[in-house]
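In: need coordinates for the below:
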Amino acid sequence: MLRAVEDISATRKRLRIEIPADAIEKEIRESFEKLRRKTTLPGFRTGKAPLELIERKFGKEVEQDVLDRVIPQGYVEALKEADLTPVADPQLEEKIDFKRRQPFSMTLTVEVMPKIENLKYAGLRVKDIPVAVSDEDRESVLRRQQEEKATYEPSEGPVEVNDLVVLDYSVQGEDTGAKDLVFKVGGSMFPEDFSRSLQGRAKGEEFSVEQGFPADSPVRGLAGKQVTMQVAVKDIKKAHLPAIDDELAKDAGFENLEEMKKRIGEEIEKAKKREVAKIQKSEILKQLLDAHDFAVPESLVEHETAALMSAVLANRGKEPSGEPDAEALRQEVSPNAVRNVKASLLIETIGRAEGVSVTDDELKGAIVSIAQRLSASPENIMKFYVSRDGSLDGLRNSLFEDKVLDLLLSQAVVEKGE
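Out: Sure thing, here's the model as predicted:
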């Protein structure tokens, strides 16, 4: 089946494949026979027409159908014979030239997984990071619970941190602004110095402020800009915080405040342990990348580069066509693109070697977990991933990578330290 493999590069191969004439002819004859059994031709009962007539009437159609089956089969068998794993669809190098009762030959190129030599990943070393839950940690969560249950009452000011302020604003020289915007002083919608400019203001006061916005600002049209804002304070409401007591705990679904504090401590500890594991897995991945140098498929790097460029432009509030120097941005994200692809290939190679897989039940469980965390339905979570990626493969791959890194962490040597 496979006549030759030519190395174009470490990750690009040329395959010369030949399918024997008798193998194709056998498929064609069987297809004609199946077709004859269900075909009715004038003058013949169903299934009784001579095979020659069937061939004359349906010959080209059957030949094409057989080729559509045997070409992919031949390609898959050639990959298996050459021990190659493709990362992109193959490309035929010439037009298909099929002649009946003659061997069928084709030449195609394909990008493949690189061979990672001397792959070592067991017993990597990571630093121990002790986890402790302080009273301050618990109090911080309790204060957030308290703020979530706050009620707001009208006030004549002055404006203070955590007040809700209803305001209008316009931006000099910009076609942007808002009417009756409800803003929590100290919130993250606007930069911190904007909140400071509001403090001490009275209801009905109007003022002007020079304001800079970071490149990742969520305010439409103002990301990365320094502007002059005209602001009018229309209303002020002050927070009335409930007491941190058994009633607050019962409101949150607990028996009493002590049970609430205990559960908060447990959840904080879990969260801190997850963060420690995340840091340690990042350390493991860095060690793997530092220890293994190998070529990466161009198509994967190009795809990752495009994704990173889109993410950067989205943060800057620009469309790809609006970027004045796309090549400069490409050069900026290129090292990260190569690193990300290398990391994915290392994880995939290790996962295959260790027999790691993601079952359908694990995939369903992850969808349910995400849905609960985001207060959404599992159906909507599935729709999101399908609309974004075209399938659930992106989520499945993410779970696969997590399982591989969890495995590597379980095999790692944890070095005790401070």
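In: if I pick the closest residue to residue 413 other than its chain neighbours, what's in contact with it?
Out: Distances taken as Cβ to Cβ, 6 or more residues apart in numbering put residue 125 closest to residue 413, at 4.9 Å, once the chain neighbours are dropped. (Glycine included, C-beta is placed from N, CA and C.) Neighbouring residues of residue 125 by Cβ atoms under 8 Å, 6 or more residues apart in numbering: 287, 412, 413, 414, 415.
In: one more time with 7 Å
Out: Residue 125 is in contact with 412, 413, 415, counting by Cβ atoms under 7 Å, 6 or more residues apart in numbering.
In: could you do residue 17 as well?
Out: 1, 2, 3, 74, 75, 78, 106.
In: per-residue pLDDT, the third one?
Out: You'll see residue 3 listed with a pLDDT of 76.
In: in what helix or strand does it lie?
Out: Using DSSP states H and E, residue 3 maps to strand 2-7.
In: export that strand as PDB, just CAs?
Out: Written as PDB, here are the backbone C-alpha positions of strand 2-7 (Å, rounded to 0.1, in the frame of the first residue of the first chain):
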ATOM      1  CA  LEU A   2       2.700   2.500   1.100                       C
ATOM      2  CA  ARG A   3       5.500   2.800  -1.500                       C
ATOM      3  CA  ALA A   4       7.600   5.500   0.100                       C
ATOM      4  CA  VAL A   5       7.700   8.300   2.700                       C
ATOM      5  CA  GLU A   6       9.700  11.400   1.900                       C
ATOM      6  CA  ASP A   7      10.800  13.900   4.600                       C
END
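In: list the buried residues for that strand?
Out: By neighbour count on 16 or more other Cβ atoms under 10 Å, the buried set for strand 2-7 is 2, 5.
In: with stretch 273-286 instead?
Out: 276, 277, 280, 281, 283, 284, 285.
In: before we move on, what about stretch 404-413?
Out: 404, 405, 407, 408, 409, 412.
In: do I have it right that residue 167 meets residue 233?
Out: Yes: judged on Cβ atoms under 7 Å, residue 167 makes contact with residue 233 at a distance of 5.5 Å.
In: low-scoring stretches of this structure, by residue?
Out: Low-confidence segments of the chain (pLDDT under 70): 1, 316-324, 417-418.
In: ok, now how distant is the residue sitting furthest away from the middle of it from residue 53?
Out: The C-alpha centroid of the chain is most remote from residue 43, which lies 61.5 Å away (Cα atoms, centre = their mean). Relative to residue 53, residue 43 is positioned 10 Å away (Cβ to Cβ, to the nearest Å).
In: list the buried residues in the helix or strand encompassing residue 196.
Out: Here residue 196, judged by DSSP H and E, is contained in helix 192-198. For helix 192-198, the neighbour count (16+ other Cβ under 10 Å) marks 194, 195, 197, 198 as buried.
In: give me the contacts around whichever helix or strand comes after it.
Out: Remark: after helix 192-198, the chain's next helix or strand is strand 206-212, criterion DSSP H and E. With contact meaning Cβ under 7 Å, 6+ apart, strand 206-212 is reached by 191, 194, 197, 201, 226, 227, 228, 229, 230, 231, 232.
In: out of the residues you listed, which end up buried?
Out: 194, 197, 201, 227, 229, 231.
In: which one of these is nearest to residue 327?
Out: Using Cβ to Cβ, residue 227 is the member of the buried ones among the contacts of strand 206-212 that lies nearest residue 327, at 29.4 Å.
In: the closest one in helix, strand or coil?
Out: Three-state call for residue 227 (DSSP: H, G, I helix; E, B strand; the rest coil): strand.
In: so it touches residue 171, yeah?
Out: Yes: shown here, residue 227 and residue 171 form a contact pair, counting by Cβ under 7 Å, at 5.0 Å.
In: closest to residue 254 among the buried residues of stretch 404-413?
Out: When the buried residues of stretch 404-413 are ranked by distance to residue 254 (Cβ to Cβ), residue 409 comes first, at 33.1 Å.
In: isn't there a helix covering the closest one?
Out: Yes: membership of residue 409 in a helix is supported by three-state DSSP.
In: so it sits against residue 281, correct?
Out: Yes: Residue 409 lies in contact with residue 281 (Cβ under 7 Å); the separation is 5.7 Å.
In: and for residue 384, the neighbour number?
Out: Counted by other Cβ atoms under 10 Å, the residues lying close to residue 384 total 15.
In: thinking again about what came up before, list the strands paired with the strand holding residue 3, with their directions.
Out: strand 12-19 (antiparallel) (DSSP bridges).
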